[in-house]
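Enquirer: Give me a 3D structure for the following:
(2 chains)
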Amino acid sequence: MKMKLFLAALIAALLGTTQVNAAKVRVVATLTDLADLTRNVGGEFVEVRSLATGIEDTHGVPMKPSFVPLLNRADLVVLVGFDCEHAFLPALLEASKNPKLQPGKPGYVDCSKGISPLEVPKSTDHSEGDVHPFGNPHYMLDPVLAKTAVRNICDALVAVAPEHEADFVKNRDVYLAKLDAKFVEWQAALAPFKGTKFVSYHGHWHYFAQRFGLVYYGTIELKPGVDPTARHIEGLVSSMKADHVPIVVREPQFPEKVPALIAKQTGATLIKLPIMPGGVPDTETYIAEMDYIVHSFVSALQK
Amino acid sequence: MCAGVEKLKMKLKKILGVSSALCLCATVAQAQETNAVEQLQQQLRQMQANFEKREAEDRQQIEALRKQVELLAQKPAAVTNPVVAAEATNSVSPGLFKELSDKVDNVVEAQKKSLPGEFNPAIGLVGDFLSSYHSQSADKMGSARPGGFDFWARSVELMASASVDPFAKGWVVANASADAATGESTFGIEEAALQTTSLPGNLTLTAGRFFGEFGRLAYIHDHELPFVNRPLALDNYIGGESRTDGGQLNWLVPVDHYISVTAGVGDQFGGDSPNPNNPGNFRAFYGLNFWGRASTFFNLTDNWQLEAGVSGMWNPKTQDRGGLLLQPNGVTTFTEKERRLAGVDWKISYVPLRENQFNSFTWGTEVLFSDNRFFINPDVTIPSTGYEGSVGSLGLYSYVNYKWSRQWSAGFLFDYLQSAQNHDDETLAYSPFLTYAWTHWNQLRLQYTHTDRSAVSGLKPDDAIYLQWSWIIGAHAHGWTQR
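Expert: Presented below is the predicted three-dimensional model:
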């Protein structure tokens, strides 16, 4: 009798769980910024999982088999696009055996739709390193372009769960308004430093620099995905000194040694900046991450 | 009188009939006319609406262009919302305008160049070149390559892959390599397979020539191995790469935990096995090879992972596979009757989430048990069908690989093998290796291997040094099997 009751309770619990889950749109975002935006738009009607935890490189999220069941059961996969996730997503999607999420299908939510990429290479020859054929994919560090991602996510959610359209649209507008307000704040904070030059390890910061009137001076790595040579470092240090570049940005997933050396040799300030939420402590949301980035720049430049 | 009245009635009836018919016709005609008018009115309304819509769109376009012209002429319109201003600036600033214009030109040019080839597959070429020194001559180490100094273009592989249609993808790997014994270049199709992409029930079917899923490294190409040479157990028990002509079905078990199950059937198994199994005039179903694998994965922590699997392969009737196998004693011969192979494998890896491109550690092991049955001929003068027996042999390899920068990694491979034909014939090998990867596509590996063989083999211990240079040009996918 006890066993029967236990089984009945177990079945009821399983059914209950299934029903609760079935009511929600299951979304897998590749990176934490997209996961945060999706949570903000989807609210209580979505269940969002992120493949990255925030501390990974955007191109180096480990291809864990445990991601496969997540993708297998998802309704949407939300991605940066512009080939940002080329190192892990295509193989994971193939292994997931989920036809809804394959490229070109409605469940494949490419947030770069509607964004004009910077740095589209004229040639995709590997002599230029691990180039992105569609252009620089790091547009999420521009909060204005992140709004396009928000709209794309909203459209995809509406398409898959039209019964919640009003909620999604309302959530989207509320979030966009919040982002607009923060953008005004960030713009004001960085306004006095327009024209300031900076370098970083990888080319994450072109969109950010363009948006806030800073000058992206160059990368520490020789080419995308290729570590710097001694000659490259020497040339970079020399030109940074000549052009008075005051900031060296190190993304936390790259080794500190070379950026620290360059900062020391040029007299620039070294700052560690996340490239997605969770990259450093207390940056668990997109807005918190951008807050951190802007305030880090301001603090460094006010020194 | 009556007749006249009747005639009058008849006339009246006719008049009434005709007039009724005329009235009806008139009504119908009027109704038709009314319909036509309504239709015309509706058409007019529609045209008017279309005209107004187009006019509104044109006005919008004119307004948008006017604003762009103003902005380009650096006469910004009064925009009070800085976010809107930022977005507007993003789209039409003079610098961006020029950049966009250049991009459009580039795209148009690129389209002109790529249109004729847009349905062509992704193509990549892999080269694998070895230089080596062996302390023993070929006959004393049982190698097809010469002892002493050697250069060997082990393989040049041309890979092409593309979607076949909405339901399948296809790929081909053509291998041109120097024959180990003769040095002559040979060209062969290593893989040519089709794989479904939209089967229901979490299923994927692969058919054609491909590497069957068995164990951990058997279905990895040579240049993708973490060390120079394929482990001895894989060479001896499988026949190198697990190449097969057949079909394979993979099922992702629909649970929250990753479990993958594969089953396949084919007419050969092992790239260096006799190819294909000699069927004679008629091959029975049990003359085919059957294999399967189940694998799973555990996140031990965020950074530590465990992958494990079990595999099996069975060919119930293989006497035609290799013909007579001469034993090391040079007298006794075997003819293989049944091929049976089982394996268990695991890989524990440290893949730090933050800096995995610069730092990682892997420990992989595979243990294989071969239990082939043979017709045993203890005396070459007696026909080889007189006696049956099985030879149970154990083989394993275990390796560690530590990466401490984007370029540098080093590791150690341990090999142990009991020959599939004679478990007293044992081989042990120890191989430290050092890898330098300039980039993803270009790497050098230095490896030292000491090989010890038991006396029954009649072979001598050997010391070898290898320098491997492998490179990739063209398309390069980060595939699921290479993870």
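
Enquirer: Please see if stretch B:190-208 touches chain A.
Expert: Yes. With C-beta under 8 Å from any C-beta of the partner chain as the criterion, chain A is reached by stretch B:190-208 at B:197, B:198, B:199, B:202, B:203, B:204. C-beta: built from backbone N, CA, C; applies to glycine.

Enquirer: Quick check: the farthest pair among those residues?
Expert: B:197 and B:202 (12.5 Å; C-beta to C-beta).

Enquirer: Pull the number of nearby residues for residue A:234.
Expert: Using other C-beta atoms under 10 Å in any protein chain shown, residue A:234 has 12 other residues around it.

Enquirer: A helix includes it, no?
Expert: Yes. Assigned with DSSP: H, G, I helix; E, B strand; the rest coil, residue A:234 falls within a helix.

Enquirer: Work out for me the element residue 150 sits within.
Expert: As the question left the chain open, I've gone with chain A. According to DSSP states H and E, residue A:150 maps onto helix A:143-160.

Enquirer: Chain B, not that one
Expert: Counting by DSSP H and E, the element that carries residue B:150 is strand B:148-165.

Enquirer: Checking the residue of the stretch 151-300 of chain A found nearest chain B next. Helix, strand or coil?
Expert: Per C-beta to the nearest C-beta, residue A:180 is where the stretch 151-300 of chain A lies closest to chain B, at 4.3 Å. Three-state assignment for residue A:180 (three-state DSSP): helix.

Enquirer: what about it, neighbour count?
Expert: Residue A:180: 18 neighbours (other C-beta under 10 Å).

Enquirer: and it, what pLDDT?
Expert: With respect to pLDDT, residue A:180 has a value of 96.

Enquirer: Also the one 5 residues further on?
Expert: Looking at residue A:185, its pLDDT is 97.

Enquirer: With residue B:61 instead?
Expert: We note a pLDDT of 60 for residue B:61 in this prediction.

Enquirer: the helices in the stretch 201-350 of chain B, which residues?
Expert: Per DSSP state H, counting those that start in this stretch, the stretch 201-350 of chain B carries helices over the ranges B:232-233.

Enquirer: Sketch out the low-pLDDT regions of it for me.
Expert: Residue ranges of the stretch 201-350 of chain B with pLDDT under 70: B:272-280, B:319-333.

Enquirer: what residues does it put near chain A?
Expert: Taking C-beta under 8 Å from any C-beta as the contact definition, the stretch 201-350 of chain B meets chain A at B:202-204, B:252, B:254-258, B:260, B:296-297, B:299, B:302, B:305, B:307.

Enquirer: Kindly indicate which of those residues lies nearest residue B:353.
Expert: residue B:302 (5.8 Å).

Enquirer: so residue A:82, which of the three states?
Expert: What three-state DSSP gives for residue A:82 is coil.

Enquirer: Hmm, residue A:135 and it touching each other?
Expert: Yes. Between residue A:82 and residue A:135 there is a contact at 5.5 Å, judged by C-beta atoms under 8 Å.

Enquirer: intersection of neighbour lists for those two?
Expert: Common contacts of residue A:82 and residue A:135 (C-beta atoms under 8 Å, 6 or more residues apart in numbering or on different chains): residue A:117.

Enquirer: Against which helices or strands is the helix holding residue A:150 packed?
Expert: If contacts are counted by 3 or more C-beta pairs under 8 Å, 6 or more residues apart in numbering or on different chains; DSSP states H and E, helix A:143-160 sits against strand A:25-29, helix A:32-42, strand A:76-79, strand A:108-110, helix A:165-190, helix A:206-212, helix B:82-92.
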